[in-house]
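Trainee: Sequence first, predicted model second:
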Amino acid sequence: MKNVMYDALSLLLEKLLLLANLRLCSGVPGAAAEEEEGEKPANYYDPLCFKRGDLLEVPRTLFVHFGIYLGDKRVAHLMPDILPSFTDDQRQIQQVVTNKRLILGVVARTASIRVDTVEDFAYGGSILVNHMDRAFKSPALCGEEVARRAEKLVGPTAYSLLWNNCEHFVTYCRYGSAVSFQTDKFCETVKMIIRDQRSVLASALLGLAAILCLGLAPSTTLPTILVPFFLWMAG
């Protein structure tokens, strides 16, 4: 029964992430620009067109990844990574970050601003260039200043999904202001879910299912009562 409950919660989380992704992509500058560009091959980009200080975007499954082009086919970007917490071996750390390293880095809130090749940065995806410029009222800094800022920040850094992610890094380097449109859209989605009173009913049903599967205990009863109550109050 525990496996059934785990599968149900995993499915619910997956649906919430999918909903957040759909709303994120609808409001992220890079996503809109991608539609304007028309259909391109999955791995479309031309490094010869990149200039030092360009802001690069790679649309991924659940988010858009950002980096700053440094020249010579090198990109500085912020990546969650657990490995630097366990070793100083730069040969291991410099290898392409696997999904497991990335997820553990998000959980541990550790990351590094690293320099990779354009190919490793793209990871098989298409690259959009400077499409975020249209979303900012202030003009972008000169390319050399953008690249210098990125190079100075290379190294270990703390990670926060909401307050210090790859988008905060590139917007600080290029515009002098660390913001994240993806974070804003995600927070709007969370607010929408909280305000929807059906969330109260859904959380109550999940709590009752937990009680039926795991038994009556403080660890199941209290969340069953408190979570719907706070959702109802917040809504």
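Mentor: In hand now; what should we look at?
Trainee: can you list the residues that contact stretch 146-165?
Mentor: 52-53, 55, 68-71, 76, 78, 80, 84, 105-106, 109-115, 140-141, 169-170, 172-174, 178, 180, 182-183, 186-187 (CB atoms under 8 Å, 6 or more residues apart in numbering). To be clear about C-beta, it is placed using only N, CA and C from the backbone, and glycine gets the same treatment.
Trainee: Those residues in helices, which ones?
Mentor: Residues of those located in helices (DSSP state H): Gly105, Val106, Phe169, Val170, Tyr172, Cys173, Arg174, Gln182, Thr183, Phe186, Cys187.
Trainee: What are the boundaries of the helices in the protein?
Mentor: According to DSSP H, the helices that the chain contains are 2-27, 29-37, 90-93, 99-108, 118-122, 143-152, 166-175, 181-195, 198-214, 218-234.
Trainee: right, and Gly143 touches Ile68 too?
Mentor: No - using CB atoms under 8 Å, Gly143 is not in contact with Ile68, being 9.5 Å away.
Trainee: which of the two has more neighbours?
Mentor: Higher neighbour count among Gly143 and Ile68: Ile68, with 28 against 18, using other CB atoms under 10 Å.
Trainee: so where's this protein shaky on pLDDT?
Mentor: For the chain, the stretches with pLDDT under 70 are 1-44, 187, 189-204, 219-220, 222-235.
Trainee: So among the contacts of stretch 146-165, which ones count as buried?
Mentor: 52-53, 55, 68-70, 76, 78, 80, 84, 105-106, 110-115, 140-141, 169-170, 172-174, 180, 182-183, 186 (16 or more other CB atoms under 10 Å).
Trainee: beta partners of Ser160?
Mentor: Asn164 (DSSP bridges).
Trainee: Pull the number of nearby residues for it.
Mentor: Neighbours around Ser160, by other CB under 10 Å: 15.
Trainee: Compute the distance between it and Arg134, please.
Mentor: Separation of Ser160 from Arg134 (CB to CB, to the nearest Å): 26 Å.
Trainee: ok, Leu102 touching His65?
Mentor: No - if you go by CB under 8 Å, Leu102 and His65 don't touch, sitting 10.4 Å apart.
Trainee: and the two? which has more neighbours close in?
Mentor: Neighbour count, other CB under 10 Å: between Leu102 and His65, His65 has more, with 22 against 15.
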